[in-house]
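> Any chance you could fold what I've pasted below:
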Amino acid sequence: MASQRQIRVGDVLIGGGAPVAVQTMTKTETANLPETMAQIRRVAEAGADIVRVAVPRDQDVEALKTIVVESPIPIIADIHFNHTLAIKAIEAGAHCIRLNPGNIGGPEKVAEVVAVAKRHDVPIRVGVNSGSLPKHLRDLEYSDPVEALVQAAVETVDLMERLDFDQFKVSMKSTSVPNTIASNRRLSERIPYPLHLGVTEAGTKYTGSLKSAVGLGTLLADGIGDTVRISLSTFHAEEEVKVAWEILKALKLREKGPVLIACPTCGRLQFDMDSVVAEVEQRLEAYEDPIEVSVLGCAVNGIGEARHADFGITGAKDAGMIFSKGEPLKKVPTDQLVDELFKEIDRYYASGKTIVRDEREVAEATRWLSENEDLSAMTPERLAALEKEKAEAQAQAAEPEVVVKTAVDESSSPTAGRRFTRAG
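Numbering: from 1, shown residues only. Okay, here's the model as predicted:
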């Protein structure tokens, strides 16, 4: 279930129906101001709503004083083990702090941090990881790792409530995707506070993106989660942001920039689609509007499978076609497909988001499509039409038989013994 409570991190609302926020974490030493600020600006440009910085030393606290002023997005100070650094980070202007009560020194130290957070009106992210559960839950971790995570999180929430503090969000992460899904589902039913989602130590860009998409995507599709961080083994934090946005865009939870649709290719392919898709994807980065663009490897299925796309291309060995919303626009040589696609996209924006059609070019493209389209292919439209015809035939066959009786002597009537049917 979606969280009921809402907190504010800088100018970003978390929970309570606010859009899912995208987080990441800098990979630099925080005290290295030039490198840290350069990375913060890159992740902000990539679409991060919030960024977290590690604060393991006093020199990082000093750098934090400048970072919170110069950063274009809110800053979370990431604290472990040393509660005095958490207090100093709050006083340095951090918009939020990340705290793991399990490794900060006990409830008394947490209470000291909360008291300062209250005075400065700073929220706290509290949470647990599968690798840092309290000692009294270690046995439960072996028998029921999901419940161990949930119990640790609930104990943390209970502590916050005893301290009369409700400006917090909860994170509960595991390296296991199934455990991450199950524990967050269970916790969401027990607490009303915002949830921060992540698969911790997910792995490389390839495996980590897949694990995060499965774990976080499943929860977000269930309406669980208010902020996300993709944890990848990369020095480029902006890559984490890009993956997070692709997950949110795929679920239609948020829109940012174009959506690229591309077929998986098969033996029918007659042109270098890999290069075309890569070039289209790269050139789309210059557009901020959430336009949908499709690249189809052939015309075998017509353009029905990408009928919803704002623009698309489908090609063959020597020629291809530009289309929009399922309708042909123009036929072009294959080596000009990408350039002509972007000419049409730019013309669309220049005309106030109006499709500009040249009837002669449309007619030529339509002829090309009819010559190359496989009319026997089972496109979604044709399958739907066949299913509709089958359903109508079955409905007609199932019409009840109606016996019409008369008051005449059936033995002498010319229609005696006959049965009549009628529709409905």
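
> my guess is residue 61 contacts residue 88, does it?
Yes. Between residue 61 and residue 88 there is a contact under CB atoms under 8 Å: 4.6 Å. Yep, even glycine has a C-beta here, placed from its N, CA and C like the rest.

> would you list every one of the helices in the stretch 1-150 of the chain?
Using DSSP state H, counting those that start in this stretch, the helices of the stretch 1-150 of the chain run over residues 33-46, 58-70, 83-91, 107-120, 138-143, 145-162.

> Out of those helices, flag the one nearest residue 248.
The closest of these to residue 248 is helix 33-46. By CB to CB, the value is 13.0 Å.

> still on that earlier bit, which stretch among the helices of the stretch 1-150 of the chain is buried most, on average?
helix 83-91 (a mean of 22; mean count of other CB atoms under 10 Å).

> how distant is that helix from the center of its chain?
Distance, stretch centre to chain centre, for helix 83-91: 33 Å (CA atoms, centre = their mean, to the nearest Å).

> Need the mean per-residue confidence for it.
For helix 83-91, the mean pLDDT works out to 96.

> Which strands and helices lie in contact with that helix?
helix 58-70, strand 75-78, strand 96-99, helix 107-120 (3 or more CB pairs under 8 Å, 6 or more residues apart in numbering; DSSP states H and E).

> so how far is the third one off the chain centroid?
To tie it back to what came earlier, the one meant is strand 96-99. For strand 96-99, the distance to the chain centre is 24 Å (CA atoms, centre = their mean).

> Within the sheet, what are the partner strands of it, with directions?
Here strand 96-99 is paired, per DSSP bridges, with strand 75-78 (parallel), strand 124-129 (parallel).

> can you list contacts of it?
Contact with strand 96-99 is made by 9-10, 50, 52, 74-79, 86, 89-90, 110, 113, 117, 122-127, as judged by CB atoms under 8 Å, 6 or more residues apart in numbering.

> quick one: low-confidence parts of the stretch 301-424 of the chain?
301-305, 373-386, 400-424 (pLDDT under 70).

> residues in contact with the closest residue in space to residue 358 that isn't next to it in sequence?
Setting aside the residues directly before and after it, residue 358 is nearest to residue 330 in space (CB to CB, 6 or more residues apart in numbering), at 7.0 Å. Counting by CB under 8 Å, 6+ apart, residue 330 touches 321-322, 340, 344, 358, 361-362, 364-365.

> can you check residue 266 too?
Residues near residue 266 by CB under 8 Å, 6+ apart: residue 297.

> what does residue 155 give?
Per CB under 8 Å, 6+ apart, neighbours of residue 155: residue 134.

> Residue 12 now?
18, 21, 49-50, 73-74.

> let's see it at 6 Å
For residue 12, the contacting residues are 21, 49-50, 74, by CB atoms under 6 Å, 6 or more residues apart in numbering.

> Likewise for residue 49?
Contacts of residue 49 by CB under 6 Å, 6+ apart are 12, 21-22.

> try residue 47
Taking CB under 6 Å, 6+ apart as the test, what residue 47 contacts is 241, 245, 256.

> Name the member of the residues you listed that has the highest neighbour count.
Within the contacts of residue 47, most neighbours by other CB atoms under 10 Å means residue 241, with 25 neighbours.

> ok, and the closest non-adjacent residue to that one?
Residue 241 sits nearest to residue 46 (CB to CB, 6+ apart), 4.2 Å away.

> burial count for residue 366?
15.

> how about it, what does it touch?
By CB under 6 Å, 6+ apart, the neighbours of residue 366 are residue 328.

> isn't there a helix covering it?
Yes. Applying DSSP: H, G, I helix; E, B strand; the rest coil, one finds residue 366 inside a helix.

> From residue 295, how far off is it?
Residue 366 sits 20 Å away from residue 295, going by CB to CB, to the nearest Å.

> Tell me the spatial nearest neighbour of residue 293, not counting adjacent residues.
Closest to residue 293 by CB to CB, 6+ apart is residue 311, at 5.2 Å.

> Report the contact partners of the one you found.
293, 324, 345.

> so the last one, which of the three states?
Put plainly, it is residue 345. Assignment for residue 345 (three-state DSSP): helix.

> What about it, how many residues nearby?
Residue 345, neighbours per other CB under 10 Å, totals 21.

> Distance of it relative to residue 105?
On the measure of CB to CB, residue 345 and residue 105 end up 57 Å apart.

> Check residue 391 too.
The span separating residue 391 from residue 105 equals 67 Å under the rule CB to CB.

> If you count surrounding residues, which of these two has more?
Per other CB under 10 Å, whichever of residue 391 and residue 105 has more neighbours is residue 105, with 15 against 10.

> Could I get the contacting residues of the more buried one?
Residue 105 neighbours (CB under 6 Å, 6+ apart): residue 83.

> per-residue confidence at it?
75.

> What of the one 4 residues further on?
Per-residue confidence at residue 109 stands at 92 (pLDDT).

> contacting residues around it?
residue 83.

> can you rerun that using 10 Å?
82-84, 86-87, 99, 101 (CB atoms under 10 Å, 6 or more residues apart in numbering).

> do you know how far it is from residue 84?
In terms of CB to CB, residue 109 sits 9 Å off from residue 84.

> Now, of the contacts of residue 12, which are buried?
Applying a neighbour-count criterion of 16 or more other CB atoms under 10 Å, the buried members of the contacts of residue 12 are 21, 49-50, 74.

> From residue 354, how far off is residue 12?
35 Å.

> next one: residue 116
Residue 116 is 56 Å from residue 354, by CB to CB.

> domains of this protein?
7-251, 259-372 (the TED database).

> worst average pLDDT in those domains?
domain 259-372 (a mean of 85).

> and it, how far out from the chain's middle?
Put simply, domain 259-372 sits 25 Å off its chain's centre (CA atoms, centre = their mean).

> Does residue 146 touch residue 185 like I think?
Yes. Using CB atoms under 10 Å, residue 146 makes contact with residue 185 at a distance of 9.1 Å.

> What's opposite the nearest residue to residue 49 once chain neighbours are set aside in the beta bridge?
Counting by CB to CB, 6+ apart, the nearest residue to residue 49 once its immediate chain neighbours are dropped is residue 21, at 4.3 Å. Beta bridges link residue 21 to residue 227, judged by DSSP bridges.
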